[in-house]
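1. model the following, please.
(2 chains)
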Amino acid sequence: MGIESHLGIITTSLDKIVNWGRKNSLWPMTFGLACCALEMMVAASARHDISRFGAEVFRGSPRQADLLIVPGTLTKKMLPYVLRLYNQMPEPKWVIAYGACACSGGIFNTYNVVQGVDKVIPVDVYVAGCPPKPEALLRAIVMLRKKIEKETLKDRV
Amino acid sequence: MNSKEIFETIKSDCKSLITEAFMGIDIPTFVVEPDSLLEFMKYIKKMPQLSFDLIADITAVDYPNRAKRFELVYHIFSIKNAVRIRVKTKVEDGGSVESVTSIWRGAEWLEREVFDMFGVTFKNHPDLRRILMNEDYKYHPLKKEFPLQGYEES
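-> The predicted structure is shown next:
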């Protein structure tokens, strides 16, 4: 937010307010790599209603997004572009590895697949499944919200 | 013309170009030498009764024990007759074949894929780059000796 570096004393109540704001406006990036992306889209539909968690605003630009959901198989050819998108996202940013391929490479233990996105970018929440149900994504967002609640401004200076 | 007639026509017209011709289990199949490949392909494209005008697929099979280890397989479709044929030619490791892009423009990407996966080069190809792997990749992954996980640590 830019204020944290000017504060001598970090008050816990300021943390609470900022984290409350952050966790209720997790804007994911419109981004999909494979079949898991379809489950992610379903999570945004009326039945699952991702907007209960303030995470329904899928942004078309990484510069407006807080949350990178990596849904699907990350191939080595796609890797430079994913890295560029991640680097373009402003802090604070979080990453969900959605599905077996994003977590570990999944069934594709081959020469052309990155064996887990955590080899290249830091991951906050892992979601198992092939593909995981939309409910699993909602649970991941709930877990991420709990994680954000525990953060302090000092962590992200 | 049905596929039987086409088989007989090609067999009698191109005796000098074909090394082997058989009906196969599905479609007529012809084996030609790499040197006569272009001439043969020109004939089946230009001959009005045949007019094989659509290149459906170009791929290769690796038989590592053979001297000419790669068998290039061309699947060609005639829209006029609704008949497919298969043309095969054999190349050694790192060998090269005449490109058929001058006959079918659609062969360009198919030949790039064969080059990418097997390392077979195509003479007179307009843009022979890798198509699936990243451009600085050093290996040809569909060769039989290539390990599934690749050479570099992932």
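2. list the residues that contact B:Leu38.
-> By Cβ atoms under 8 Å, 6 or more residues apart in numbering or on different chains, the contact list for B:Leu38 reads B:98, B:100, B:102-103. Where C-beta positions appear, they are placed from N, C-alpha and C, glycine not excepted.
3. again, but for A:Met89
-> Taking Cβ under 8 Å, 6+ apart as the contact definition, A:Met89 lies against A:29, A:62-63, A:65-66, A:68.
4. now, of those, which are buried?
-> By the neighbour-count criterion of 16 or more other Cβ atoms under 10 Å in any protein chain shown, those include these buried positions: A:29, A:62, A:65-66, A:68.
5. quick one: which of the contacts of B:Leu38 is the most crowded by neighbours?
-> Taking other Cβ atoms under 10 Å in any protein chain shown to define a neighbour, the member of the contacts of B:Leu38 with the most is B:Val100, carrying 27 neighbours.
6. spatially, what comes nearest to that one if we skip its sequence neighbours?
-> Using Cβ to Cβ, 6 or more residues apart in numbering or on different chains and skipping residues adjacent in sequence, the residue nearest B:Val100 is B:Ala107, 4.8 Å away.
7. which residues of chain B lie near chain A?
-> Contact residues of chain B with respect to chain A, defined by Cβ under 8 Å from any Cβ of the partner chain, are listed as B:132-134, B:139, B:141, B:146-151, B:154.
8. what is the nearest of the residues you listed to chain A?
-> Closest approach between the residues of chain B next to chain A and chain A, by Cβ to the nearest Cβ: B:Gly150, at 2.9 Å.
9. secondary structure class for that closest one?
-> Under the three-state scheme (DSSP: H, G, I helix; E, B strand; the rest coil), the conformation of B:Gly150 reads as coil.
10. residues contacting it?
-> Applying Cβ under 8 Å, 6+ apart, we find B:Gly150 in contact with A:110-112, B:139, B:141.
11. ramachandran angles for it?
-> With angles defined as degrees, to the nearest 10, B:Gly150 sits at phi 80, psi 170.
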